[in-house]
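Enquirer: Fold the following.
(one chain, ligands or ions: 1)
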Amino acid sequence: MYRSHNCGELRATNINEEVTLAGWVQKSRDKGFIVWVDLRDRYGITQLVFDEERTSKDMMRQAQNLGREFVIQVKGTVIERASKNPNIATGDIEILVTELNILNQAILPPFTIEDETDGGEELRMKYRYLDIRRNPVKENLIFRHKVTQEVRNYLSNEDFIEVETPYLIKSTPEGARDFVVPSRMNEGEFYALPQSPQTFKQLLMVGGMDKYFQIVKCFRDEDLRADRQPEFTQIDCEMAFIEQEDILNAFEGLTRHLLKEVNGVEVEKFPRILYDDAIRLYGNDKPDIRFGMEFGELNEVAQHKDFNVFNSAELVVGIAVPGGNSYTRKEIDKLTSWVKRPQVGALGMVYCRCNEDGTYKSSVDKFYDQEDLSKWAEATGANAGDLICVLSGDTSKVRAQLSALRMELAERLGLRKPNEFAPLWVMDFPLLEWDEETERYHAMHHPFTSPKPGQIELLKTDPGAVKANAYDLVLNGNEIGGGSIRIHDKETQSLMFDYLGFTEVEAKAQFGFLMDAFQYGAPPHGGLAFGLDRLVAILGGQETIRDFIAFPKNNSGRDVMIDAPAPIDDEQLKELSLKLNIKS
Ligand code: ASP
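Expert: Got it, this is the predicted structure:
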C-alpha cells in the first residue's frame, strides 16, 4: 500500500494515528536540527517534520537532501502542530516521520510549481505535465470533469444516449478546411477528420436513436484566431420527432442545470432575440446582455442638418456610456483613437456629454442644438451624467465598430462580471451568407439546415433574405452552442445543394449516403452542439479555453510538448503512397 491517506485529508481528529503518505516535495525548510517538508499531491499539502531528537541521523541527512519535486513515501505519526496554519486544510497537524522512501528523484523544474509561477506560457506548455501539478491548472481540469459529468447526468436522465461516431470519415462541411489522413490500404485515398459528427448524428436519427448526444472531439483546420484550437470538444446533440421549441427547451434545461449544479446560480427563462434584432441593437450575433448600452439609431434625428459626415452615412448610430460624462477631454480623445485603430476601423467618433443639469455638450454643437441632442439621448437611452458615443458609415461596418466599442467600454467599466450569467437564444439566422472571396452564397450554419417554412421559393429571387430554422445559445457575449432544424427529405436537400452551387454529381459524391438514407423514412429532426471548452471556461469565470484543456496546442497549431506536427520518414511516406514537395 503506497498510502493510507492523501495529502489533503488529515485533521486534528487523526492525531496519534500511524499513517503512510506519498507525493511530491513542494518545498523544505532546513533549520539544521529540524527539517520541515511540504508534501503535495492532487488533494493538498501535508507538513512533514524530521527532528534531531526523534529522527535517526541517516534519515535526517536524507531529509536535508530532498529536492523540489522529489517523489517520496513516508510513514509516521500524526501530531499536533505547535504553530497552526489556518490557510491550509491540514494546517492543524503534521507528520512526525519514522520512515522515508525516496521513490524517485527529480531534476530542478524549469519553473516554480506554485499558484503564481515564474514560467511563461510557452515554457509551461512545453512542460505541461509540470504545469498540471499547479493548483490553477489542476483545478480547471477537475472543474471540466465536473461539467462533463453533469452533462452526462442530465442528458442520460432525459433519455439521451451517448453514441460514438467515427473519426476517420469523409468531409463534413462546417466551413473550415479538413484535416486529412492518408489511407495505406486504399492507395491515393484520404479520410477526413470530422469537423463535427453532423451527418452521422442525422443518420442516427434515421436509425431511430431519437435522442443522441456525444462528448466528442472535432477537428477544423483554420487559421487560429485568438483562443481557438484545431481540435476541440463539442457536446453534440440531436433529437427526432421534435420541433424547434422542443430543442430550445431541452438544451435550455441542460444549461440551466449546469449553471445550478456547477455555479449554484438559478437563471430565469432565457430571453430570445431575433438575429436581425441582435444585429440592430448590439451590432453582433452574440450579444453580451449582462449590461445594457443598446444601440440607438440616429438617422432620423441626426441627418438632414448641415453635418455632411452624417448626411452621407448609411447609418448613424450611438450608445450611451453610463457615467461617461465624467471622462476628461483627453480620455474621450483616447477613445476616439481607439475606435480609429485599424483593428476597429472607424473613421472618427462624435460624442455628446449629457450634463447633470440636463443640458448637452457635443463635439458637433455647430450643427445641432439642445433639442436635437435631447433626441439623441432619447434614442440611445442616455441619462444625465452619461456620454453618448456616435459612429457613422456603412451599416454593417459601423455596427461592428460600435459593437467593439461597446464591449471595450463595458470591460473598462467592469460591467462584464465573470460571476454573472446572462444566457439568451439568438433565433432565425439567415440561411445563407455571401462570401466575398468566392463570390458565392454559403450555408451560414451548414447545408443541412432547413429554411423557415414557406421561404424556400425566396431562394430563387432573394437568397440573402431567406431565414433558417437555426439558433445559437449565447452566454456572456460568447456563442456557446448552435444548431438547427434539419432538412429531412431528399428533394429539399438536393435543392439546397443545388442553390449552394453543388452540381448533382458533386452532391451525390459527397453526400449521396445522406440523401439515400433520407429515402428510407427519415424522421423530422434537429439538434445543436455546444462548444465544451468555451462553455467550461465561461462557467469557470475565465476567458481562455486553453486553460481548461489538459494538452492544448499553441497559436500555430503546434503541440510544443511532444513537438507535433512532425515530419514522417520516407518509408512511411512510401507506404502511404505519398510524395512531398510537389509544387503545382
Ligand atoms: N454541427 C453543428 C456545428 O458543429 C451543430 C449542429 O448543427 O448541431 O456547429
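Enquirer: Can you name the helix or strand that the residue of the stretch 51-200 of the chain found nearest the ligand falls in?
Expert: The minimum distance from the stretch 51-200 of the chain to the ligand, using CB to the nearest ligand atom, falls at residue 196 (3.5 Å). For every residue, glycine as well, the C-beta is placed using N, CA and C. Following DSSP states H and E, there is no helix or strand that holds residue 196.
Enquirer: doesn't residue 234 make contact with it?
Expert: Yes: look at residue 196 against residue 234 with CB atoms under 8 Å: they come within range, at 6.3 Å.
Enquirer: Remind me what the top helix by length along the chain packs against, helices and strands.
Expert: Once the chain is assigned using DSSP state H, the helix that runs over the most residues is helix 135-157. Helix 135-157 sits against strand 161-162, strand 211-219, helix 244-263, helix 532-539, with contacts defined as 3 or more CB pairs under 8 Å, 6 or more residues apart in numbering; DSSP states H and E.
Enquirer: Looking at the ones you listed, spot the one closest to the ligand.
Expert: Proximity to the ligand (CB to the nearest ligand atom) singles out strand 211-219 among those, at 6.5 Å.
Enquirer: quick check, distance from the very next helix or strand once past the closest one to the centre of its chain.
Expert: Helices and strands here follow DSSP H and E; after strand 211-219, the next one along the chain is strand 231-240. In terms of CA atoms, centre = their mean, to the nearest Å, the centre of strand 231-240 is found 14 Å from the chain centre.
Enquirer: pLDDT averaged over strand 231-240 - what is it?
Expert: Across strand 231-240, pLDDT averages out at 98.
Enquirer: How about stretch 339-347?
Expert: What stretch 339-347 shows for mean pLDDT is 96.
Enquirer: and if you look at stretch 259-273?
Expert: pLDDT averaged over stretch 259-273 gives 97.
Enquirer: Do me a favour and get the end-to-end distance for that stretch?
Expert: Distance across stretch 259-273, first residue to last, is 21 Å (CA to CA, to the nearest Å).
Enquirer: buried ones in that stretch?
Expert: For stretch 259-273, a neighbour-count test (16 or more other CB atoms under 10 Å) marks 259, 262-263, 270, 273 as buried.
Enquirer: Give me the residues contacting that stretch.
Expert: Stretch 259-273 is contacted from outside by 143, 146-147, 150, 248, 252, 255-256, 281, 287, 289, 419, 421, 423-427, 473, 539, using CB atoms under 8 Å, 6 or more residues apart in numbering.
Enquirer: ok, now stretch 56-65?
Expert: 28, 30, 35, 37, 50, 52, 55, 97, 99-100, 102.
Enquirer: JSON lines for the residues you listed, including distance to the ligand, neighbour count and pLDDT?
Expert: Compiled in JSON lines, the contacts of stretch 56-65 are given as follows (distance: CB to the nearest ligand atom, whole Å; neighbours: other CB atoms under 10 Å; pLDDT from 0 to 100):
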{"residue": "28", "distance to the ligand": "50", "neighbour count": "19", "pLDDT": "95"}
{"residue": "30", "distance to the ligand": "56", "neighbour count": "15", "pLDDT": "96"}
{"residue": "35", "distance to the ligand": "56", "neighbour count": "24", "pLDDT": "97"}
{"residue": "37", "distance to the ligand": "50", "neighbour count": "27", "pLDDT": "98"}
{"residue": "50", "distance to the ligand": "57", "neighbour count": "28", "pLDDT": "97"}
{"residue": "52", "distance to the ligand": "65", "neighbour count": "13", "pLDDT": "92"}
{"residue": "55", "distance to the ligand": "60", "neighbour count": "21", "pLDDT": "92"}
{"residue": "97", "distance to the ligand": "54", "neighbour count": "24", "pLDDT": "98"}
{"residue": "99", "distance to the ligand": "55", "neighbour count": "10", "pLDDT": "97"}
{"residue": "100", "distance to the ligand": "53", "neighbour count": "21", "pLDDT": "98"}
{"residue": "102", "distance to the ligand": "50", "neighbour count": "14", "pLDDT": "98"}
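Enquirer: Which of those residues sits closest to residue 313?
Expert: Closest approach to residue 313 among those (CB to CB): residue 28, at 68.4 Å.
Enquirer: secondary structure element for the spatially closest residue to the closest one that is not a sequence neighbour?
Expert: The shortest distance from residue 28 to any non-neighbouring residue, by CB to CB, 6 or more residues apart in numbering, is to residue 37 (4.3 Å). When elements are assigned from DSSP H and E, residue 37 belongs to strand 34-41.
Enquirer: ok, now residue 101?
Expert: In this assignment (DSSP H and E), residue 101 forms part of strand 93-104.
Enquirer: In the sheet, which strands lie alongside that strand, parallel or antiparallel?
Expert: Here strand 93-104 is paired, per DSSP bridges, with strand 44-51 (parallel), strand 71-80 (antiparallel).
Enquirer: I'd like the next helix or strand past that strand.
Expert: Sequence order places helix 121-126 as the next helix or strand after strand 93-104, per DSSP H and E.
Enquirer: avg pLDDT for that following helix?
Expert: So the average pLDDT for helix 121-126 ends up being 96.
Enquirer: What of stretch 287-304?
Expert: On average, stretch 287-304 scores 97.
Enquirer: what's the span of that stretch, first residue to last?
Expert: End to end - CA to CA - stretch 287-304 spans 31 Å.
Enquirer: Run through the residues of the stretch 101-250 of the chain sitting next to the ligand.
Expert: Residues of the stretch 101-250 of the chain lying close to the ligand (CB under 6 Å from any ligand atom) are 174, 196, 198.
Enquirer: Adding distance to residue 351 and neighbour count, write those residues out as CSV.
Expert: Listed next are those as CSV, based on distance: CB to CB, whole Å; neighbours: other CB atoms under 10 Å:
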residue, distance to residue 351, neighbour count
174, 41, 18
196, 44, 21
198, 46, 25
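Enquirer: what pairs with the closest residue to residue 347 other than its chain neighbours across the strands?
Expert: Nearest residue to residue 347 in three dimensions, chain neighbours excluded: residue 393, at 6.4 Å (CB to CB, 6+ apart). Beta bridges link residue 393 to residue 315, judged by DSSP bridges.
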